[in-house]
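Novice: structure, please.
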Amino acid sequence: MYGIYPYAYPTDKQISAMDEVKLSHMDVTIYEMTYQFLKLII
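Specialist: This is a model prediction of the structure:
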């Protein structure tokens, strides 16, 4: 699934930018994201 890796492993720069604008971010694995997506479409 192209595009999951950046959501699962954001860079330090991305995390600091999200913190700066007070945007919440969750630590999630590629497995968890893929599993939830597959449950949704099946």
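Novice: correct me, but I15 touches D27?
Specialist: No: I15 lies out of contact with D27 (CB atoms under 8 Å); the separation is 10.1 Å. All C-beta spots, glycine's among them, are computed from the backbone N, C-alpha and C.
Novice: compare the two (neighbour count), which wins?
Specialist: I15 (12 against 8; other CB atoms under 10 Å).
Novice: residues contacting the residue nearest to the spatial centre of the chain?
Specialist: Geometric centre of the chain, nearest residue: Y7, 2.9 Å, by CA atoms, centre = their mean. Going by CB atoms under 8 Å, 6 or more residues apart in numbering, Y7 touches V28, M33.
Novice: pull the distance from the helix or strand hosting it to the chain's centre.
Specialist: Y7 belongs to helix 5-8 when assigned by DSSP states H and E. Put simply, helix 5-8 sits 5 Å off its chain's centre (CA atoms, centre = their mean, to the nearest Å).
Novice: what mean pLDDT does stretch 15-33 get?
Specialist: When pLDDT is averaged over stretch 15-33, the result is 91.
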